[in-house]
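*Asks:* Next come a sequence and a model predicted from it.
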Amino acid sequence: MSLIQAIVLGIVQGLTEFLPISSSAHLVIVPYLLNWSLDPTQAFVFDVLVQLGTLVAVLVYFWKDVVNIITSIISRLKEHSFDERPEGKLGWMIILATIPAGLAGLLIKDSVEAAFNSPRLTGLMLLVTAALLVAGELLSKKARTAEEMTPLDAIVIGIFQALSIFPGVSRSGATITGGLLRHFKREDAARVSFLMAIPIMLAAGLLAMIDLFAIPTLTSFLPMLITGFVTSALVGYFVIRWFMGFLRNRNLYPFAIYCAALSALTLIVTYAR
């Protein structure tokens, strides 16, 4: 992987991690369409670790939420009582929602890594993302707020997040859809989705560290990782700001159309080659 490739992929990650169009799909499809020959082990580790850059973007944008949630939970744990305050309850619900995806990632890690080498499967999974976004818009009442989240909501949204461990199924798209199907407002569904990203992305990054130190060319690969990390963090922050504003007045249909179009393009190219 070259420095230019790392910058391009960092921009791609930052642009697509929080939009419901699947960052993992783009990290598979963009090198494929550009005929880049990347080492599969390096590519997988890069894809996971560069997500830590977008994790920084989430932490910066939602800093007040994160601090309020953590301090509320810690204070109540010291008192040996369950936190009934909105921010504390939301924190516990996010932890609960993380469990399904965490279990799925541990149980089928090898299958997921293999999927990252299949542009055709990734293209097909983009159709799943498109279908989820349409279903969420059509079936949601969009009336509830994030602070009203219940354990059942958390489990349902967590199951949707588990679907996104495969490239092509957008994590934000799946979790926002899960929130919409539980009748959250679009902006609140996105807020829950982005806060849910923090523990799952942190866990994935830590697991990828194990694979990182197994790479024999780590010293020469490190500058590319750092470049991708910084690029994705900067781009990701501004994308979050734009997307949260977009959701206040607009629907998700444009993203569903984009996913379907990219799926069609990818499948056409894979069959042509």
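*Replies:* Looks like it arrived, so ask away.
*Asks:* Provide a list of residue ranges in the stretch 101-250 of the chain with pLDDT below threshold.
*Replies:* Residue ranges of the stretch 101-250 of the chain with pLDDT under 70: 105-106, 108-117, 211-215, 217-218.
*Asks:* what about the strands in it?
*Replies:* In the stretch 101-250 of the chain, no strands are defined using DSSP state E, counting those that start in this stretch.
*Asks:* can you map out the helices along it?
*Replies:* 109-115, 119-139, 151-163, 171-181, 186-212, 218-247 (DSSP state H, counting those that start in this stretch).
*Asks:* looking at these, which is buried most?
*Replies:* helix 171-181 (a mean of 28; mean count of other C-beta atoms under 10 Å). C-beta: built from backbone N, CA, C; applies to glycine.
*Asks:* ok so, going back, so for L77, which of the helices of the stretch 101-250 of the chain sits nearest?
*Replies:* helix 186-212 (16.7 Å; C-beta to C-beta).
*Asks:* The closest one packs against which elements?
*Replies:* helix 40-49, helix 51-61, helix 63-78, helix 86-107, helix 151-163, helix 171-181, helix 218-247 (3 or more C-beta pairs under 8 Å, 6 or more residues apart in numbering; DSSP states H and E).
*Asks:* what angle do it and helix 51-61 make?
*Replies:* If you take axes from the mean of the first three to the mean of the last three C-alpha atoms, to 10 degrees, helix 186-212 sits at 140 degrees to helix 51-61.
*Asks:* How far off centre is helix 186-212?
*Replies:* Averaged C-alpha coordinates place helix 186-212 at 6 Å from its chain's average position (C-alpha atoms, centre = their mean, to the nearest Å).
*Asks:* Give me the number of neighbouring residues for the closest residue to P199 other than its chain neighbours.
*Replies:* Excluding its sequence neighbours, the residue lying closest to P199 (C-beta to C-beta, 6 or more residues apart in numbering) is T98, at 4.6 Å. A count of nearby residues for T98, using other C-beta atoms under 10 Å, gives 22.
*Asks:* cool, and G14?
*Replies:* Counted with other C-beta under 10 Å, G14 comes out at 26.
*Asks:* And for F255?
*Replies:* So F255, with other C-beta under 10 Å, has 23 neighbours.
*Asks:* I'd guessed it sits against P20; true?
*Replies:* Yes. Taking C-beta atoms under 8 Å as the definition, F255 is a contact partner of P20 at 4.8 Å.
*Asks:* what do the two both touch?
*Replies:* L133, G173 (C-beta atoms under 8 Å, 6 or more residues apart in numbering).
*Asks:* re the thing from before, right, so of the helices and strands packed on helix 186-212, which gets closest to A272?
*Replies:* helix 40-49 (22.5 Å).
*Asks:* want to throw the helices and strands packed on helix 186-212 into JSON lines with distance to I4?
*Replies:* Compiled in JSON lines, the helices and strands packed on helix 186-212 are given as follows (distance: least, C-beta to C-beta, whole Å):
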{"stretch": "helix 40-49", "distance to I4": "14"}
{"stretch": "helix 51-61", "distance to I4": "17"}
{"stretch": "helix 63-78", "distance to I4": "32"}
{"stretch": "helix 86-107", "distance to I4": "31"}
{"stretch": "helix 151-163", "distance to I4": "33"}
{"stretch": "helix 171-181", "distance to I4": "27"}
{"stretch": "helix 218-247", "distance to I4": "9"}
